[in-house]
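Undergrad: take this sequence and fold it.
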Amino acid sequence: MDLSNSQSEVGDSTHSKHDFESGSDMEEEEDEPKLKYVRMTNDLRNILTKDSASCIAVHPKLVCVGSRWGMIHILDHQGNNVRSTELRAHTVAVNQISIDLNGDFIASCSDDGKVFICGLYSAEESNTVVIGRLVKSVAIDPYYCKPGYGKRFITGDERLVLHEKTFLSRLKSTVLSEAEGSVQTIKWNGHFIAWASDIGVRVYDITAKHSLGLIKWNRNIDVSPEHFRCNLCWKTETTLLVGWVDTVRVCKIRKRSQLEINSRDDPEFVVQQVSMFKTDFYICGIGPLDSNLVILGYSKELDTDGKAQRPQLYVIDAKDEDYVELSTDSLTLRGFQEYKCNDYHLECLIEENRFFIVSPKDVVAASPYDADDRLQWLMDHCKYEAALEAVTQFEGRDLKRHTLVEVGRAYLDHLLVKNKFDDAGKLCLKIYGNNKLLWKDDVFKFARVQQLRAVSKYLPRGDNALDPHVYEMVLYEYLKMDPPGLLQMVKEWPSTLYNVPAVVNAVLEHLLVNDCDRIILLETLAILYTHEKKYDKALAMYLKLKHKGVFQLIHKHNLYSSINTMIVELMDLDTEQALIILLEKDRVNADVVVSCLENNHRYLYLFLDALDKRETKEVSRKYHGRMVKLYADFSRDKLLPFLRRSDQYPIQEALDICKQRSFYPEMIYLLDRIGNTKEALELITKELQNIEQAIEFCKEHDDMELWEDLMMTNFVDPAIGRLYRKMYLEMTT
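TA: Numbers count the residues shown, from 1 in each chain. Next comes the predicted model:
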C-alpha cells in the first residue's frame, strides 16, 4: 500500500502483500482485501511537515495527536483542526494521551514531569499537574466528568499512582503499586486498569482496590524490553489484548467461584490467559476486528540496504497457540526506512471498526471494506462475476454507491472488450430483464461491434418489446453475416416486432447482388410473405424450394382453394402429406384432383385408393372403373378384394384387363359373375391345376354339366384323375 504521495483517500484502497514485492510474486493473484486506507491530511499534513507525531488518542468525535515538541493537536477524523490553536501541553515529547468516555476531557503526560488535564469545552477545567518524575503513561477516568467520581486519573513513572480530587478540590495522590522499571502504558476500562511494566502486565480493580495478578513476560536474552513498547487494548470490559515484542496474549477477567476464594483478601476477579502465540514480526499495536485481531507489525529483518522495511497491518484469526493470517497489507508510510518499532502506534475505535496507524510523519485510518468498497475492488480487479453475485446478494441493502445495473454495465463493457459476446448477451437478460429503457441504452453497444446476433435471443418481446428498428437492425446484421441465423430469427420472432415489408425488401436487394445462401434466403422470404398474408407467393416459394413447410402453410391458413394448380408438385414433394391435404373432407374437390393426376397413374392410384378407403358414397364409387386398371398396375393384391366388394365397374372391361395380365383368380371370379362357369372351371383345372378348388366350384354351382366337364378333363397327373373319378362315383351313388 503505497501511501507516500496520497493526498486523501488511497486510490487502490488496499492490496495484498504481493503487490509490493518484486519478482514472481507480482504474478500471484491478488487476494480480496479486508481493509481500506485513508490518509489523514488537511491541517494534519501541515502539522507533521513541521513537527512529528509521538502518540495518538482517538474518540468517535475527535483525534488527539501528541507531538515531539510537546504540542497536542485536536482534529476531526479528516485531519482538520477543531480548535483555533494547538494545546501547548509540554516542553518535550508527549508520551501518552487519554480521552474520557464522552470525549470532553483529555489527559497527557511527558518526560517534562507534568500531566496536562484539558477540558475541551470548558477552559476552567484545564490544569497542569506537576509530578516531578518522568511520566511515561497516563489514563483518565472514563467517567472523569461524572459527579461523584473524583475527577480521577492515573499516572505511571516508576510507580502506578492514582490522582483524585477530594474535599475543596484538593488533589490526592495514592501509590497503587511500585513498578519494576517503569510503567510503559496504562489502559482504563470500567473499574479495571491494565498496565504494563518491564516484567509483565497487571490488572488492577479500582473498585475493590486490589491487583488481580501478574502476567509475566517470557524473558529473551536477545531482546531488551525497553526497546519494545507493550501494546494494550480492551476488546470488551473483560477481554484484554496484549502485544509485546513478538508475542500476543488474549486474557479474560472472570469472577472467581466461592471454592476459589480462600480468604477475604482474595480478589473477587482473576485474570486468565486464554490464548498465547508468537508472531514472525515485532508488534507495534493490536486491536479487535469482530472475532479477529488486527496487528501492526514491524519486520524483524532489515532490507538489503540495511534499512527498515515497511510496516504491515495484519488481520489474523487467533487460535489457542497459533494464528491464521487472513490478510496482510504493506504500508509505505513517509520515512519508514528510518523508523524503529516504537515509532509506530495503532489505536482503534472498536465500536466503529476503525484503526489509526501512526508514524512520526503519517496518520492513516484503516477500516473494513463495506459493501460498496468490496464491489469497487472486485470491479477494479476485473472480478465482475463475483461483483455481480455480491450485488445480487445485497439486494440493495448496505449499498450507497453501487447498483445492480451499474455493476452489470461495467461487466458488460468488460465482456465486450474481451470479445466474449455470448456471455455479454446472457448478462443483458440478467441485469435488464424486460426494462425497455435499459435495453435501449445498451443494445447499441452490440451494434457498434457488429454483435447484435449475440444478444438477439435475449431481447424482450411481447408487451415489453423495443422499438421495431432495433429488431430490424438485428435482422439486417444476420442477413449480412449469418443468413441461417436470419432464417431462425424469422421463425422465432413474432412478425409484430419489426417492419416486415422493410425486411422483405432488404432480403430481395441482397439476393440481387449476392447469390450465396440463396436457398436459405428464399425460405426466409416464404415465411416473410406468410407474415404479409401473401400466401400465393409463399406457396410458390415453398414449392420452388421443394420445402415441406408448404403443407403446414396450407393447413394453417386454409389455402386449399389455392392448390388446384399445384397438386402434382405437392405429390412430388411428399406424397403422404399431400394425400392428407387432398383428402381433407370437403376441402378439395376430388374431380379436380383426378383431373390433375390424369397423366400420373401412380399418384392417381394412391389418391383413389385412399379416397376409396375413406369414402363409401358416390364420391369414390364413380372412380371404381378406373381403379381396376390402377390396382392391376400398382397393387394386384388389392384387385380381387376390390372386384368382390364393388359393383361399380364394367365387368367385361375388367375381364379384359385381367386377361391381358393373365390374372387367373381374378378372371375366374369375373367369368363366374357373368355366368361363364364352364370357362371359369376350365381355368381352374388347366391353368391353376387346383382339383380341390375345381371340386368346390362344382359343389357351389351344383351343376351336373360342370361335373361332367370336370370328368372329361385330362389331368396332367393320372393319380389326380383317378382320385377325382372315385369322388365323382361316390357322389353319384
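Undergrad: how far off centre is stretch 89-98?
TA: Stretch 89-98 has its average C-alpha position 54 Å from the chain's average C-alpha position, going by C-alpha atoms, centre = their mean, to the nearest Å.
Undergrad: before we move on, what about stretch 304-324?
TA: Computed by C-alpha atoms, centre = their mean, the chain-centroid distance of stretch 304-324 equals 35 Å.
Undergrad: flag every buried residue along it.
TA: Neighbour counts over stretch 304-324 (16 or more other C-beta atoms under 10 Å) mark Ala308, Gln309, Arg310, Pro311, Gln312, Leu313, Tyr314, Val315, Ile316, Ala318, Tyr323 as buried. Bear in mind the C-beta positions are built from the backbone N, C-alpha and C, glycine included.
Undergrad: export these to a markdown table and tack on pLDDT, distance to Arg219 and secondary structure?
TA: Shown next, in a markdown table, are the buried residues of stretch 304-324 (pLDDT from 0 to 100; distance: C-beta to C-beta, whole Å; DSSP: H, G, I helix; E, B strand; the rest coil):
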| residue | pLDDT | distance to Arg219 | secondary structure |
| --- | --- | --- | --- |
| Ala308 | 93 | 25 | coil |
| Gln309 | 94 | 26 | coil |
| Arg310 | 96 | 30 | coil |
| Pro311 | 96 | 26 | coil |
| Gln312 | 96 | 26 | strand |
| Leu313 | 97 | 28 | strand |
| Tyr314 | 96 | 25 | strand |
| Val315 | 96 | 30 | strand |
| Ile316 | 95 | 25 | strand |
| Ala318 | 92 | 23 | strand |
| Tyr323 | 93 | 23 | strand |
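Undergrad: Leu120 and Ile186, how far apart?
TA: To Ile186, Leu120 is 21 Å away according to C-beta to C-beta, to the nearest Å.
Undergrad: oh, that last question was meant for Asn42, not what I typed.
TA: Going from Asn42 to Ile186 by C-beta to C-beta gives 31 Å.
Undergrad: settle it for me: which of those two has more neighbours?
TA: Ile186 (24 against 15; other C-beta atoms under 10 Å).
Undergrad: how near is the residue nearest the centre of the chain to Val417?
TA: The residue lying closest to the centre of the chain (C-alpha atoms, centre = their mean) is Glu389, at 4.6 Å. As defined by C-beta to C-beta, Glu389 lies at a distance of 21 Å from Val417.
Undergrad: is it true that Asp303 lies in a helix?
TA: No - under DSSP: H, G, I helix; E, B strand; the rest coil, Asp303 sits outside any helix and is assigned coil.
Undergrad: next, count neighbours for it.
TA: Asp303, neighbours per other C-beta under 10 Å, totals 11.
Undergrad: look up the closest residue to it, ignoring the ones flanking it.
TA: Excluding its sequence neighbours, the residue lying closest to Asp303 (C-beta to C-beta, 6 or more residues apart in numbering) is Gln309, at 5.3 Å.
Undergrad: where does pLDDT dip in the stretch 51-200 of the chain?
TA: The stretch 51-200 of the chain contains residues with pLDDT under 70 at 124.
Undergrad: recalculate using a threshold of 80.
TA: For the stretch 51-200 of the chain, the stretches flagged by pLDDT under 80 are 123-125, 148-150, 167-169.
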